[in-house]
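structure of the sequence below:
(chains A and B)
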Amino acid sequence: DSGVTQTPKHLITATGQRVTLRCSPRSGDLSVYWYQQSLDQGLQFLIQYYNGEERAKGNILERFSAQQFPDLHSELNLSSLELGDSALYFCASSVATGASGDPEQFFGPGTRLTVL
Amino acid sequence: GEDVEQSLFLSVREGDSSVINCTYTDSSSTYLYWYKQEPGAGLQLLTYIFSNMDMKQDQRLTVLLNKKDKHLSLRIADTQTGDSAIYFCAETAVETGGSYIPTFGRGTSLIVHP
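Numbering: from 1, shown residues only, chains lettered A, B, ... in the order given. As a prediction, the model looks like this:
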């Protein structure tokens, strides 16, 4: 158990809909990262938040957005869903940004999103 | 952009050593990682190596880094059936803003048979 929790575990929805995935980082971790894992693209970095602020952005679509709240939990919002958005979405956390010399990220169990 | 390549499958007999290989392209890589993913689970960090090291050993795991050839390997000694999983290689360099954002390979499925 990494200490990172994600809800829900599974989500089935229809095209055009909007969903919210939730992540709680390990106690004491300030950074949260979101990744998408699909058969086509492998594991892709989406976005990072550090202490409430966006820190780094990867291959995140404009239909997707995220935020980190004062209690450090994070939500990933996916809208206007398409079939191709079906994937595993992972959240990871780390103590800081990593540049302080602490590069470890701890992954949650993931949310499996199925878009029908 | 950065690229990380791994072979897709490796099959070994229980008790043998497994060697999973990875190549990467980013010469500014700072840290290189090995993660393990079991079915239905998230990624578990096994070990990582700083780019100025050439070897790291942790119990049954040995990581070798050849920075000149940009080649990373993970050796698992005395492989057990519980080691069956997908193993991801990843590399990272400091991004703008000071973050380490790993680039992952596609993963190597390790199958251990009796």
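
wait, is B:D69 part of a helix?
No: going by DSSP: H, G, I helix; E, B strand; the rest coil, the assignment for B:D69 is coil, not a helix.

list the contacts for it?
Going by C-beta atoms under 8 Å, 6 or more residues apart in numbering or on different chains, B:D69 touches B:T23. To be clear about C-beta, it is placed using only N, CA and C from the backbone, and glycine gets the same treatment.

and it, its phi and psi?
With angles defined as degrees, to the nearest 10, B:D69 sits at phi -90, psi 0.

would you mind measuring from it to A:Q17?
According to C-beta to C-beta, to the nearest Å, B:D69 stands 47 Å off from A:Q17.

and A:V115, by the same measure?
8 Å.

kindly report the same for B:Y100.
34 Å.

now B:V112
41 Å.

okay, those two: which has more neighbours?
B:V112 (20 against 13; other C-beta atoms under 10 Å in any protein chain shown).

show me how far the helix or strand where the more buried one lies is from its chain's centre.
Applying DSSP states H and E as the criterion places B:V112 in strand B:108-113. Averaging C-alpha positions (C-alpha atoms, centre = their mean, to the nearest Å) puts strand B:108-113 14 Å from its chain's average.

is there proximity between that strand and chain A?
No: judged by C-beta under 8 Å from any C-beta of the partner chain, strand B:108-113 makes no contact with chain A; its nearest approach is 12.1 Å.

contacts for that strand?
By C-beta under 8 Å, 6+ apart, strand B:108-113 touches B:6-14, B:18, B:20, B:76, B:79-81, B:83-89.

need the buried ones from those residues selected in PyMOL.
Selecting the buried subset of the contacts of strand B:108-113 in PyMOL, with 16 or more other C-beta atoms under 10 Å in any protein chain shown as the burial test, is done by:
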select buried, chain B and resi 6+10+12+18+20+76+79+83+84+85+86+87+88+89
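
contacts with chain A among the contacts of strand B:108-113, please.
Okay, of the contacts of strand B:108-113 touching chain A (C-beta under 8 Å from any C-beta), that's B:F88.

which neighbours do A:V115 and A:Q17 have in common?
A:L81.

residues contacting A:F64?
A:L46, A:I47, A:L76, A:N77, A:L78, A:S79.

okay, now the last one: neighbour count?
Counted with other C-beta under 10 Å, the burial measure for A:S79 works out to 15 neighbours.

can you check the fifth one too?
Using other C-beta under 10 Å, A:L78 has 24 neighbouring residues.

pretty sure it contacts A:A87?
No: using C-beta atoms under 8 Å, A:L78 is not in contact with A:A87; the gap is 9.8 Å.

isn't B:T23 up against B:S73?
No: B:T23 lies out of contact with B:S73 (C-beta under 8 Å); the separation is 9.8 Å.
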